[in-house]
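Asker: All I have is the shape, not the residue letters:
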Ligand SMILES: Cc1cc2nc3c(=O)[nH]c(=O)nc-3n(C[C@H](O)[C@H](O)[C@H](O)COP(=O)(O)O)c2cc1C
Ligand SMILES: Nc1ncnc2c1ncn2[C@@H]1O[C@H](COP(=O)(O)OP(=O)(O)O)[C@@H](O)[C@H]1O
Ligand SMILES: [Mg+2]
């Protein structure tokens, strides 16, 4: 787990591996490699939940996967945020700010894509619940999201 939660990250949204996560109903906004490299070295890979803001727009709930995606065996660590909001269009090139509030589970390998999709659905449900707590709600209005 991140020893220092809440943890704040900001950076540009770039192209990922284009594995069609949109087809899975779960697009993930990827950060550039240098943002992943700047994370504390003792970070625990896994699935976290928190708040996300694209440019200076509204703050929404999110789930974020930090790690190597064992199902796909990525060579580099990535940070991928799925915002729990239906956007009208893509936002590549935008500034994405996230506040990581809590930890859900370790990254896992799966026997099939369907099992990965099911796990992500559970993560989204759990994130929704956790983020309704008073302590989590306080971070939604943190100055990180209001200052420019
Ligand atoms: C909430 C969430 C949980 C995830 N959990 C795992 C996991 O346990 N194992 C894994 O290999 N990948 C996991 N992933 C990452 C997916 O494999 C990843 O989003 C997919 O590779 C799409 O990558 P792309 O954006 O580069 O196309 C998770 C992604 C999200 C959003
Ligand atoms: N709710 C959402 N959460 C995250 N990204 C979204 C969302 N809706 C649209 N997008 C767009 O989809 C892109 C990610 O799609 P994805 O299939 O994961 O492709 P890539 O492999 O390039 O990351 C994001 O960069 C963003 O522009
Ligand atoms: Mg992605």
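Answerer: It's in. Predicted model only: the values in this text are computed from it and were never measured. Ligands and ions are numbered 1, 2, ... in the order given.
Asker: Compute the distance between the residue located most distally from the centre of the chain and ligand 2, please.
Answerer: Distance from the C-alpha centroid of the chain, by CA atoms, centre = their mean, peaks at residue 111 (22.9 Å). Noted for residue 111: a distance of 22 Å to ligand 2, by CB to the nearest ligand atom, to the nearest Å. C-beta: built from backbone N, CA, C; applies to glycine.
Asker: The helix or strand hosting residue 98: partners in the sheet, and parallel or antiparallel?
Answerer: According to DSSP states H and E, residue 98 maps onto strand 95-105. As defined by DSSP bridges, the strand partners of strand 95-105 come to strand 7-12 (antiparallel), strand 46-54 (antiparallel).
Asker: Tell me which of those strands sits nearest to ligand 2.
Answerer: Closest approach to ligand 2 among these (CB to the nearest ligand atom): strand 46-54, 7.9 Å.
Asker: Can you spell out which residues form a bridge with the residue nearest in space to the middle of the chain?
Answerer: Central residue of the chain (CA atoms, centre = their mean): residue 64, 2.0 Å from the mean position. Note on residue 64: beta-bridge partners residue 48, residue 81, judged by DSSP bridges.
Asker: Can you spell out which helices and strands pack onto the helix or strand bottoming out on mean pLDDT in the chain?
Answerer: Ranked by mean pLDDT, DSSP states H and E, the weakest helix or strand in the chain is helix 33-37, scoring a mean of 92. On a contact count with 3 or more CB pairs under 8 Å, 6 or more residues apart in numbering; DSSP states H and E, helix 33-37 meets strand 78-83.
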